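Enquirer: this is a predicted model, with the sequence first.
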Amino acid sequence: MLKVTKASTISGSITVPGDKSISHRAVMFSSLAEGKTVISGFLPGADCLSTISCFKKMGVNIEQNGDQVVVESGGLDQLEEPHEVLDVGNSGTTIRLISGILSGLPFHSTLVGDESIAKRPMKRVVTPLRQMGAKIDGRQGGEYTPLSIRGGQLQGIEYHSSVASAQVKSAILLAGLRAEGTTTVYEPHLSRDHTERMLSSFGVEVQSFLGGVSIRGGQLLVQPKQIQVPGDISSAAFFLAAAAMIPGGSLTIKNVGINPTRTGMIDVLREMGADLELKQERVWNGEPVADLVVRYSALKGIEIGGAIIPRLIDEIPIIAVLATQAEGRTIIKDAEELKVKETNRIDAMVSELRKMGAKIEATEDGMIIEGGAKMYGAECISYGDHRIAMAMAIAGIVSEGETIIQGDDAIYVSFPGFDDTLKQILK
Ligand SMILES: O=C(O)C1=C[C@@H](OP(=O)(O)O)[C@@H](O)[C@H](O)C1
Ligand SMILES: C=C(OP(=O)(O)O)C(=O)O
């Protein structure tokens, strides 16, 4: 249980843990390359630890010590048939990306996860992977876990994904690495491109073009020896929002990844009127990084939809909180993907923010928030979803009285140390 009370203001200089998407990929791709890779700035959260555990079960030697990870592998061809079930825990990224990798390997494996994973749709990866030649079975025709995969000879495909999902795109590209010919994925809007960037840094040729990306099969990964993971902008988002909406707020967050496919939150903050600066811009392993400086200023409601949605998909719970503190109406649309995350994030945010007095309603594909309502502390639940737990903790610091968040242990999925960082900046 996490307890928070109204903050008089927040200030300071902090860092946030490593980017979750990049940490998963760093472990996966290092496991596919022959030799030793040292990863620093790794996110030691539950989701990325699940990825490590799956690759260990396929014979990869991985030592993890806090945010330092050393991966020693014989390469893709040396991965072994796992004796045990591969457990992805709560991690959608792990199950979807690993399905793409397993599809090209000549053995059988079974994938399971927790009760949230058991409700998340898998056909979005199973369908294209089957088209490429993988034999995949699962509950309800392959829509739900447990999934059972027998990989082998694959054929490249041209796939038009109906969702802008980096997990779908990455699963197909990773299978494409082992397929005959070229594999092309088209997506309705550009989703995060960490797979493309990191594969390039492993010497793989990936062709990105407007609307899609192609990969030629049979290419080997050559490990870059060192990978430095930037701070996660999705974790930084909670504190950026807090500083932007609390009078007198002023905060620096150092070493944050600012890959343009992830910076929708920065665009939203600026459009709402926040005072935000990027400093010390630089590049780590093909990923842009900066220090973010944010200060309080009056915010106004805006409309959010279309191509920006995949660029801020995980930030929508905290954007909903931000909107409660802005003047006027915020409309979030085209975000139906929120219904198939760790929980239905539209329903969860509407229900929890309403308990605190916010004026918020759910729509088919998002939510509408009327800013300016007075908010009061309440007893909230996380629905086992890390982002809901953190969003409600930040809602608690702008509300009168005390807020209790039940199920805050979910935060460990993506942000170990959230509580301490929050305490550090609360004044
Ligand atoms: O590829 C990734 O690392 C991720 C992609 C996104 O999911 P979708 O691909 O389902 O949109 C995001 O929500 C998730 O937190 C991480
Ligand atoms: C949706 C998320 O992650 P995943 O899909 O990997 O479970 C998230 O971190 O918000």
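Expert: Structure received. Numbers count the residues shown, from 1 in each chain. Ligands and ions are numbered 1, 2, ... in the order given.
Enquirer: I157 is in contact with T182, correct?
Expert: No: using CB atoms under 8 Å, T182 is not in contact with I157, being 9.2 Å away. Heads up, the C-betas are built off the backbone N, CA and C, glycines and all.
Enquirer: what sits in contact with each of those two?
Expert: Common neighbours of T182 and I157, using CB atoms under 8 Å, 6 or more residues apart in numbering, are G176.
Enquirer: who has more neighbours, those two?
Expert: Neighbour totals were compared for T182 and I157, and I157 leads with 19 against 14 (other CB atoms under 10 Å).
Enquirer: contacting residues for the more buried one?
Expert: Counting by CB under 8 Å, 6+ apart, I157 has contacts 128, 131-132, 172, 176, 179, 183-184.
Enquirer: repeat for D365
Expert: By CB under 8 Å, 6+ apart, the contact list for D365 reads 333-336.
Enquirer: same question, Y186
Expert: For Y186, the contact set (CB under 8 Å, 6+ apart) comprises 158-161, 211-212.
Enquirer: just G396 next, same as before
Expert: Counted by CB under 8 Å, 6+ apart, G396 has contacts 4-6, 377, 380, 402-403, 405.
Enquirer: sorry, back to before: buried subset of the contacts of D365?
Expert: Buried residues within the contacts of D365, counting neighbours by 16 or more other CB atoms under 10 Å: 333-335.
Enquirer: going by secondary structure, the closest residue in space to A395 that isn't next to it in sequence is in what exactly?
Expert: Nearest residue to A395 in three dimensions, chain neighbours excluded: V321, at 4.7 Å (CB to CB, 6 or more residues apart in numbering). Under the criterion of DSSP states H and E, V321 resides in helix 316-324.
Enquirer: isn't there a strand covering D137?
Expert: Yes: checked against DSSP: H, G, I helix; E, B strand; the rest coil, D137 lies within a strand.
Enquirer: and it, what's its pLDDT?
Expert: D137 carries a pLDDT value of 98.
Enquirer: from what I can see S103 touches G151, true?
Expert: Yes: with contact defined as CB under 8 Å, S103 reaches G151; the gap is 4.7 Å.
Enquirer: now the common contact residues for these two.
Expert: By CB under 8 Å, 6+ apart, the residues touching both S103 and G151 are 134, 178.
Enquirer: buried residues, stretch 74-85. List them.
Expert: Neighbour counts over stretch 74-85 (16+ other CB under 10 Å) mark 75-76, 79, 82 as buried.
Enquirer: give me the more crowded residue out of S103 and G151.
Expert: More crowded of S103 and G151, by other CB under 10 Å: S103, with 29 against 24.
Enquirer: contacting residues for that one?
Expert: S103 makes contacts with 129, 132-134, 136, 149, 151, 154, 171, 175, 178, as judged by CB under 8 Å, 6+ apart.
Enquirer: on the three-state scheme, the residue nearest to V222 when sequence neighbours are not counted is what?
Expert: Leaving out its chain neighbours, the residue that sits closest to V222 by CB to CB, 6+ apart is G203, at 4.0 Å. Secondary structure for G203, judged by three-state DSSP, is coil.
Enquirer: give me the neighbour count for G203.
Expert: Around G203 there are 13 other residues, counting by other CB under 10 Å.
Enquirer: kindly report the same for G66.
Expert: Counted with other CB under 10 Å, G66 comes out at 9.
Enquirer: now it: how far from L43?
Expert: Applying CB to CB, to the nearest Å, the value for G66 to L43 is 10 Å.
Enquirer: sort out for me which of the contacts of Y186 are in helices.
Expert: The members of the contacts of Y186 all map outside helices under DSSP state H.
Enquirer: got those residues as CSV, with neighbour count, pLDDT and distance to ligand 2 columns?
Expert: Output for the contacts of Y186, formatted as CSV (neighbours: other CB atoms under 10 Å; pLDDT from 0 to 100; distance: CB to the nearest ligand atom, whole Å):
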residue, neighbour count, pLDDT, distance to ligand 2
E158, 12, 98, 25
Y159, 20, 98, 20
H160, 12, 98, 22
S161, 19, 98, 15
G211, 13, 97, 23
G212, 17, 98, 22
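Enquirer: and which of the residues you listed is nearest ligand 1?
Expert: S161 (9.7 Å; CB to the nearest ligand atom).
Enquirer: distance of G152 from L102?
Expert: Using CB to CB, G152 is found at 10 Å from L102.
Enquirer: for G286, same thing?
Expert: With CB to CB as the criterion, G286 and L102 are 26 Å apart.
Enquirer: higher neighbour count, these two?
Expert: When G286 and L102 are compared for neighbours, L102 comes out ahead with 28 against 16, by other CB under 10 Å.
Enquirer: how many residues are close by K119?
Expert: Burial measure for K119: 14 neighbouring residues, criterion other CB under 10 Å.
Enquirer: isn't L190 right up against P310?
Expert: Yes: contact criterion CB under 8 Å: L190 and P310 qualify, at 6.9 Å.
Enquirer: between the two, which contacts overlap?
Expert: Listed as contacting both L190 and P310 by CB under 8 Å, 6+ apart are 164, 261.
Enquirer: which one's more surrounded, these two?
Expert: Legend: neighbour count by other CB under 10 Å for L190 and P310, higher for P310 (24 against 19).
Enquirer: gap between that one and ligand 1?
Expert: Using CB to the nearest ligand atom, to the nearest Å, we find P310 at a distance of 6 Å from ligand 1.
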